[in-house]
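S.K.: pasted the sequence and its predicted model underneath.
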Amino acid sequence: MVIQRWQSVMLLIAGVMMGIFSFCSLGQIQAADYTFNITALGISREGIATAPDEAVGISTVILFIMSLLAGILPLIDIFCFKNLNLQKKVALVSALFAAVAGIIAVFTASGFASDFKADVSWSVFICAPLVALIGDILACRLITGDQKKLRAADRLR
């Protein structure tokens, strides 16, 4: 007997939020001469460069990989319901990836903006790792509750 209920919903929310984080614009940096777009793949200059020495941006492939892992792991984790210990461990690893991806995004964009003495205009999607982290942690708590219920049912047999 395995109880599978709300942790699947929480894991689905976490996976979808990190998918959104991976593929949507996270904000913009408005420098004096340029506008840069922030995504999980990097910070890129909007428009076409007219001079060879103009800033073009940076690549953040590691952030993209971390955010994809944080999005795929909860979706895979939904189907690990027969092994609750494994499901809980995968949810914790996914929570770790989501937290690290959010931290990397914020510090990379802030550091890049400080090079141009500009501010970052964040999109609402920058909160996606926080929502995914909360979803993963709630899923772990719900899995623990199901484990307790299963142990109690086994004692009654």
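M.R.: Sure, I can see it.

S.K.: my read is that Asp136 contacts Lys89, right?
M.R.: No: using Cβ atoms under 8 Å, Asp136 is not in contact with Lys89, being 11.3 Å away. Every residue, glycine included, has its C-beta placed from N, CA and C.

S.K.: neighbour count: the two, which is higher?
M.R.: Neighbours per residue, other Cβ atoms under 10 Å: of Asp136 and Lys89, the larger number sits with Asp136, 32 against 15.

S.K.: other SSEs contacting the one helix or strand the more buried one maps to?
M.R.: Asp136 is located in helix 128-156, with elements delineated by DSSP states H and E. Helix 128-156 sits against helix 6-23, helix 61-77, helix 84-115, with contacts defined as 3 or more Cβ pairs under 8 Å, 6 or more residues apart in numbering; DSSP states H and E.

S.K.: buried ones in the last one?
M.R.: Read it as helix 84-115. Applying a neighbour-count criterion of 16 or more other Cβ atoms under 10 Å, one finds 84, 87-88, 90-91, 93-102, 104-106, 108-109, 112-113 buried in helix 84-115.

S.K.: please apply the same query to stretch 138-146.
M.R.: By neighbour count with 16+ other Cβ under 10 Å, stretch 138-146 contains the buried residues 138-140, 142-143, 146.

S.K.: ok, back up a step: could you give the mean pLDDT of the helix holding Asp136?
M.R.: Averaged across helix 128-156, the pLDDT comes to 90.

S.K.: any buried residues in the helix or strand of the chain with the lowest mean pLDDT, and which?
M.R.: Using mean pLDDT, DSSP states H and E, the weakest-scoring helix or strand in the chain turns out to be strand 57-59, at a mean of 86. By neighbour count, and taking 16+ other Cβ under 10 Å as the criterion, the buried residues in strand 57-59 are Gly57.

S.K.: and it, what does it pack onto?
M.R.: In terms of contact count using 3+ Cβ pairs under 8 Å, 6+ apart, strand 57-59 is assigned the packing partners strand 42-45, helix 84-115.

S.K.: format the ones you listed as a markdown table; extra columns: mean pLDDT and distance to Gln7.
M.R.: A markdown table is the format used below for the helices and strands packed on strand 57-59 (pLDDT from 0 to 100; distance: least, Cβ to Cβ, whole Å):
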| stretch | mean pLDDT | distance to Gln7 |
| --- | --- | --- |
| strand 42-45 | 90 | 34 |
| helix 84-115 | 94 | 7 |
